[in-house]
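Enquirer: Need a 3D model of the sequence below.
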Amino acid sequence: NGRSVLALVERSRTTHLSRIELTSGRVTPLTAGPRFDVEFAVAADGRVAVLGGDDAHPHRLQAVEKKGLRTIADHNEWVAQRQLAPVEPVSFPSVDGTIIDGFLVRPVGHEAGRRYPTILRIHGGPVYQYSHEFMADWQVYAAQGFAVVAANPRGSSGRGFGFARAIWADWGNKDADDVVAAVDHAVRIGVADPERLAIGGRSYGGILTNAVIARDKRFKAAVSGAGASNFLGLYGYDQYVKGRPLDYRGPTFDNWWRIPDQFSFARFEQLFPRDARTPPRFVFAATISTHVPFIRVPPYQPDWQRLLGEQPFDEVDVTREMARPVDWLDMMPVYVRLVDYTYRWIGGYLRQPRPRDTVYVLVGDHQPTANVSGEGVSWDVPVHVISSDPQLLQRFVAQGFVAGLEPPRTPLGGMHELTAMLLQAFGPVPPP
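Expert: From the prediction side, this is the model:
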């Protein structure tokens, strides 16, 4: 209405849909209580719908009305028929006295005075937080007799800018103290068995997991997903090109990642042109399309310049693709089309003029989902090296690589050995 805006506003362990008055800055929550709102929509007549949930309910679509929230759609009503473990909000002091907020989940059917094997969960980000949202993995652990403790350490969102900035350029110190304090709290109140502790997280959560197990030997098991332990090995990544600066203006074929791979590479070449005078550079680029083989497939656009404009595709091609049903139970057909799309745009990309000394290394990182590949398939993935330098290619051949698109059936080694192969191929020429 020009007088206010709607936004998702974070507080400690909650996110509420709220109205913010533009003149006064006053914030009025439209939802309340221990919950986590993730999306909202506003109709032309002013009606508001919100997608959110809480500790005991996965996300539900609800109408925001004067009398409260009215459920429009709940696709997880079956959860009400399951026995869930209560999720307890907890707060405890860290090493320096800073109060840290988090959650504790006791095993289903727990007995007072009995200690349980306990898992410390660490969130990614670090600017994120565990909230009053349905955490399926916590419930699975609790159903199997584990306690779960989760902390929102310094660096997390929900408690202001200063709290989030407290670990700026200083990961693995205060934040490590804070998550370890969560375990100490669970031990102190008699829930966690100090001899049966585990830890795990993903992304930043994996990084912090690595930092914790390097200093605290109590943990008997650890899972570090998509983390890093050797930061010297990350040296050299000095610039990221993220989604928004790419300025994609075409239609969305997938709500998870809306930018087609072909466009990303076309925009990159426009943003960072190269010729024979361009200094050497190393570019790491992930292709996304075949990671989500339940989406609609973008059309291949032979005119790479047109991709950068307002209408990158013919409307008839977009309409036909949007009309295709999405079947999550049968991913094979769309996966095959996505592989075909990937081969076409990569082939078109490689056919473009480029400096002679350009080298491309294409690395497969994992297999598709099991209902595409089948159960029990090999974890081996292909690696392709493309270059116009015959001497360089010969160095790879000497290490077992073969010409053509189809790799040999016998693997050359583990993925951890690829680095040594690359260093040997690109290293100094050995003396005759």
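Enquirer: Can you name the residues in contact with the helix or strand harbouring residue 50?
Expert: In this assignment (DSSP states H and E), residue 50 forms part of strand 48-54. The contact list for strand 48-54 (CB atoms under 8 Å, 6 or more residues apart in numbering) reads 6, 15, 17, 30-31, 33-43, 59-64, 69, 72, 132-134. (Glycine included, C-beta is placed from N, CA and C.)
Enquirer: Stretch 74-82 now?
Expert: 56, 57, 58, 60, 61, 134, 139.
Enquirer: State the pair within the residues you listed that is farthest apart.
Expert: 61 and 139 (21.6 Å; CB to CB).
Enquirer: Neighbour count for those two, which is higher?
Expert: residue 139 (21 against 15; other CB atoms under 10 Å).
Enquirer: Which residues are in contact with the more buried one?
Expert: By CB under 8 Å, 6+ apart, the neighbours of residue 139 are 82, 84, 85, 105.
Enquirer: Least confident of those?
Expert: In terms of pLDDT, the lowest of the contacts of residue 139 is residue 82, showing 94.
Enquirer: With residue 248 as the reference, measure out to it.
Expert: Using CB to CB, to the nearest Å, we find residue 82 at a distance of 41 Å from residue 248.
Enquirer: now residue 103
Expert: Distance from residue 103 to residue 248, by CB to CB: 38 Å.
Enquirer: okay, these two: which has more neighbours?
Expert: Neighbours per residue (other CB under 10 Å) separate residue 103 from residue 248, with residue 103 holding more: 22 against 18.
Enquirer: and the more buried one, what helix or strand is that in?
Expert: Going by DSSP H and E, residue 103 is in strand 99-105.
Enquirer: what's that strand in contact with?
Expert: For strand 99-105, with CB under 8 Å, 6+ apart as the criterion, the contacting residues are 12-13, 85-94, 130, 138-139, 141-142, 147-154, 158-159, 178, 181-182, 185-186, 191.
Enquirer: Can you select the buried ones among those for me in ChimeraX?
Expert: For the buried members of the contacts of strand 99-105, the matching ChimeraX selection, counting by 16 or more other CB atoms under 10 Å, is:
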select :12,13,85,87,90,92,94,130,138,139,141,142,147,148,149,150,151,152,153,154,158,159,178,181,182,185,186,191
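Enquirer: Now go through the contacts of strand 99-105 and say which are in strands.
Expert: Counting by DSSP state E, the part of those found in strands is 87-93, 147-152.
Enquirer: In CSV: those residues, plus distance to residue 21 and pLDDT.
Expert: As requested, the ones in strands among the contacts of strand 99-105 are exported to CSV (distance: CB to CB, whole Å; pLDDT from 0 to 100):
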residue, distance to residue 21, pLDDT
87, 33, 98
88, 35, 98
89, 30, 98
90, 34, 98
91, 31, 98
92, 36, 98
93, 37, 98
147, 44, 98
148, 39, 98
149, 39, 98
150, 34, 98
151, 34, 98
152, 29, 98
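Enquirer: looking at it, residue 371 is touching residue 334, isn't it?
Expert: No. In this structure, residue 371 is not within contact of residue 334 by CB atoms under 8 Å, at 11.7 Å.
Enquirer: Great, nothing more from me.
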